[in-house]
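K.L.:
coordinates only, sequence not included:
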C-alpha cells in the first residue's frame, strides 16, 4: 500500500497562446519535474465532472474527491460563502447577497447601491444576529457583494429569493416553495425586516448619504442552497487525509468532507504564494497521513487575467517546488492535474479536458515523457474526474477487491 | 455476419518486472500470433468493470458478458460456491463457511479449528441434508474453508451471519434482516442445530481429538448472497453460445448466463493446461455456434505467485496455441484481453487496465502491430468491460441498428 499525493493546479488547462508562439502555458513552461513524473507513470486527460462540462472549482473538487456533484451540489450559496472564508456546516442554508439601495417608496433603485468601493464589513457585523434560534451571519465580499449563512434546526433551501433581479420593484417577500420551508421563510422575512431598520440608521450609510453616495440599505438574497452532508471522505476511503489549500472555497469543501485542513506559512492563494513551502508542507503532512490534497490557485488567477506569460511562470515555479517530490517517490503515488481549464485566451473556465499524470516507482508507464496538453493525447487515460479517486485507490494498492 | 471468439487471459495485465528488464510479462513474451492479431484489428485498453475498480474474476467476467455487476452481484457466497465446483441455480442462497472449534460452553475458541490440513469432504457430505424442503449442500475448500448452498422455494439472502467474526463468543443465531427472510433464518438455525450434533459425534472429529487436534465441530457462515437470475445470454444477443473454461468459478457464471459449457480433454485450470487443445476445442465449438468464450487461467496463477518468468512463459505457450486461429480469421472476430491485471510485483489483482485486441480480416486497423500494455496506449479503445459485448456485436456485424 502506498500513500497518495494529489496536486490540483487550479485552472491548469489552456489553449494555444499567440504570445507563447501558439503554445499553451504548460507547453511553454520549463518543467523538468512534471516531465520526470510523466515518464514514471501513466498520463492522459481528465474531464472535470464529465465530458463537456465547464465546471467551477467547487463542483470539480467535489467530483475529484469522489462525490457525485449532480446529487450533492444544490446551489452556489454555500460555496460562495465558503469562498469568503465563512464557516458553513452541513445543513446550513446560504445565499449570495447584494447590498442594494431602496428608495423611500420601498423600490429597488440600484441593485448594487452604486457599486461600493470600501469595505462593508461593519454593516455585515451589524446584521449578524440570532432570531428565533437561527444564527444569521453575513460576510462582505468584493464591492456590493456579500453572503449570508443561516445556522439552526429545521431549515430548508426550498425558498424563493428576496432579490427582484430588476430595478423598479420592491424586494420580494421570501416564499416557502415547500410546506416544510414555512419556518425558514418566516424567520427570513423577520430578519430582513430587522436589517432594513439597522442598515438605514447605520453610521456607515449616514456617511455614504453625506458624501453623496447611495446608502446600502437593503440586503438582496438569491441562490439559496443547503450545505450538503457529505459522506466522510476518511471513512469512505479508509484514508487518514489532509489538505494543504490556500483558498477558502476549497478548504471549505474539505471541511465538509471531513478532511483536515493543514495550515502552513506563506499560504496566500495568490500568484505570490510560497510554492516550495506548500509542497514541503504537503510532504510533511504525508508523514502522518495516507492522503494529502494540494491546491495551487495561481494558474487559474493568471488564466482569468488572460496573462499567458504569468501563467507559464507560475507553472515553472510550481515545477521547481515539485522537485522535492522526486526523491520521495518510493511508497508514494503522485497525481498532478487541474480542476478545469482556464484558457488565457478566454479568461474564463472552459470545458477543455486537463492533462493528468499518475506517477510512482514500479508503476506502469505509457511512453509519455512530457506533461502537457499535446503529450496527454498519446497517454493511457481518458478519465472523468468522478473516477479519479477509484484510480488513485487502485494505483496505491488500497482498493478493496470487488469480487473474488 | 461473423462469429465471435472471445479469449480472456485471466490476470493478463502486468506492471514492469525487474527480472524482465523492466518489461511486463506480456512485453517480454515471444508472441507472433498476438502481434499478428494486433496488426489486423483495433487495439487499446479495457477497464475491468470501470476505471479504478480492482475487480475479481467473477465481477469482471459478469461485466465482460454484458451484465451490470452493480445490480447482479449481491455477494461472494454464490461465486465462492461456484469456484468450488458446486451447482448453483438462480435464486439459491450461498455462504462462505469455516469449520471452527466451539468448546463445551458453546464459545468459539478457534475460527479455523486449528487450520485443517486434510480434506473435510466426509464432514461436508455428512451435513448435506434436506430440511423442510430446503436442500443444504456443503462442499469443502482449502483447509478449514467450505461453502454452503441452500436450494429451495422462497429463500432470501437478507439474513445475518452465524460467524461472530471474533473468538471468545458463541456463534450467532441467524437473524432475518427483512420480514420476508423469516423462513430462511428459521430453517438455517434448525440446520445449524442439527450440524452441531452430527459434527460433534462424527468419526472424523473423534480422530482429530484422539490425535490432539481441535475438532471441526461448528460451521460458521458468512457473506450470504443470492445467485442472480441473469438474463439469458443467448437470447439477449441472439447468439448460440458456448464456453471452453477450466475453472469452476467461470463455468458457474456461464451456466447462470445460459451459456453451454464445452468439455475438452486436458483442461486443468492450471499452468499445466493443454493450451493447444483448449484453442482447438474452441475453434471446433465455433463450427456449430456463433460465440465461444475461452478462459485461460494460467497468467493469473503466475501473477499471484509473483513469478514473472512463468507468467511470460504461459503467455508464450498461449500464443503458440493462438497460431491455430490465424488461418481461420475469415468470418471470425477474435477478441483477446484479460479480466483484470495480476501484476507479479504485487501478487494480487490490481485496477490497471488490460490490453485488448479485436481482430479479423477486412476490419479497421489502427497501426498497432504489437499486443502489450505499452502498445495499447496508442490504440483506438478505452473501453469499460461492460461495453465489450456491444463492441463485439458491432464488429461482427450482428448488432441491430439503433435508430433509422
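P.N.:
In hand now; what should we look at? Just so we're clear, the structure is a prediction, and the values are computed from it rather than from any experiment.

K.L.:
Going by C-alpha atoms from here, please, whenever you check contacts or count neighbours.
P.N.:
Noted.

K.L.:
Chain B contacts on chain A?
P.N.:
Within chain A, the positions near chain B by CA under 8 Å from any CA of the partner chain are A:362-367, A:378-383, A:387-395, A:397, A:399-404.

K.L.:
Relative to residue A:359, how far out is the residue of the stretch 251-400 of chain A found nearest chain B?
P.N.:
Per CA to the nearest CA, the residue of the stretch 251-400 of chain A with the smallest distance to chain B is residue A:391, at 3.8 Å. To residue A:359, residue A:391 is 12 Å away according to CA to CA, to the nearest Å.

K.L.:
re earlier: what's the neighbour count on the residue of the stretch 251-400 of chain A closest to chain B?
P.N.:
Counted by other CA atoms under 10 Å in any protein chain shown, the residues lying close to residue A:391 total 22.

K.L.:
pretty sure residue A:150 contacts residue A:134?
P.N.:
Yes: with contacts defined as CA atoms under 8 Å, residue A:150 counts as touching residue A:134 at a distance of 6.4 Å.

K.L.:
For these two, work out which one has more neighbours and name it.
P.N.:
Neighbours of residue A:150 and residue A:134, each counted by other CA under 10 Å, are more numerous for residue A:150; the result is 25 against 19.

K.L.:
Figure out the helix or strand that the more buried one lives in.
P.N.:
Following DSSP states H and E, one finds residue A:150 within strand A:145-151.

K.L.:
Enumerate every residue touching residue A:363.
P.N.:
Contact partners of residue A:363, counting by CA atoms under 8 Å, 6 or more residues apart in numbering or on different chains, are A:40, A:41, A:395, B:15, B:16.

K.L.:
Can you name the residues that contact the closest residue to chain B within the stretch 101-250 of chain A?
P.N.:
Distance from chain B to each residue of the stretch 101-250 of chain A (CA to the nearest CA) is smallest for residue A:237, at 13.0 Å. With contacts defined as CA under 8 Å, 6+ apart, the neighbours of residue A:237 are residue A:393.

K.L.:
same deal with residue A:373?
P.N.:
With the criterion set at CA under 8 Å, 6+ apart, residue A:373 makes contact with A:13, A:14, A:24, A:26, A:27, A:354, A:355.

K.L.:
Would you check how far apart it and residue A:23 are?
P.N.:
Counting by CA to CA - residue A:373 and residue A:23 are separated by 10 Å.

K.L.:
how about the helices in chain A?
P.N.:
Applying DSSP state H to chain A gives helices spanning A:25-28, A:32-39, A:57-64, A:69-72, A:76-83, A:121-126, A:182-201, A:203-210, A:233-237, A:248-257, A:275-287, A:298-304, A:308-322, A:388-395.

K.L.:
got any ranges where the stretch 201-350 of chain A has weak pLDDT?
P.N.:
Counting by pLDDT under 70, the stretch 201-350 of chain A contains no low-confidence residues.

K.L.:
if we go to 80?
P.N.:
A:266-270 (pLDDT under 80).

K.L.:
Tell me the most packed of the contacts of residue A:363, by neighbour count.
P.N.:
residue A:395 (27 neighbours).

K.L.:
for that one, what are its contacts?
P.N.:
Under the criterion of CA under 8 Å, 6+ apart, the contact partners of residue A:395 comprise A:333, A:363, B:52, B:350, B:351, B:352.

K.L.:
Domain ranges for chain A, per the record?
P.N.:
Using automatic domain parsing, the domain parsing of chain A gives A:3-72+A:230-395, A:78-226.

K.L.:
Pull the contacting residues for the closest residue in space to residue A:389 that isn't next to it in sequence.
P.N.:
Distances taken as CA to CA, 6 or more residues apart in numbering or on different chains put residue A:66 closest to residue A:389, at 5.7 Å, once the chain neighbours are dropped. Shown in contact with residue A:66 (CA under 8 Å, 6+ apart): A:385, A:386, A:387, A:388, A:389, A:390.

K.L.:
Chain B versus residue A:66, what's the distance?
P.N.:
As defined by CA to the nearest CA, to the nearest Å, residue A:66 lies at a distance of 12 Å from chain B.

K.L.:
From residue B:295, how far off is that residue?
P.N.:
The spacing between residue A:66 and residue B:295, counted by CA to CA, is 34 Å.

K.L.:
now residue A:201
P.N.:
Remark: distance between residue A:201 and residue B:295 (CA to CA) = 81 Å.

K.L.:
When those two are compared, which one has more neighbours?
P.N.:
The residue with the greater number of neighbours, taking residue A:201 and residue B:295 and applying other CA under 10 Å, is residue B:295; the counts read 22 against 12.

K.L.:
quick one: the more buried one and residue B:284, what's the gap?
P.N.:
Relative to residue B:284, residue B:295 is positioned 16 Å away (CA to CA).

K.L.:
Could you do residue A:127 as well?
P.N.:
Residue A:127 sits 83 Å away from residue B:284, taking CA to CA as the criterion.

K.L.:
These two: who's more crowded?
P.N.:
More neighbours surround residue A:127 than the other of residue A:127 and residue B:284, with 22 against 12 (other CA under 10 Å).

K.L.:
contacting residues for the nearest residue to that one once chain neighbours are set aside?
P.N.:
Nearest-residue entry for residue A:127: residue A:195, 6.0 Å, with adjacent residues in sequence omitted and distances by CA to CA, 6+ apart. Contact partners of residue A:195, counting by CA under 8 Å, 6+ apart, are A:127, A:218, A:219.
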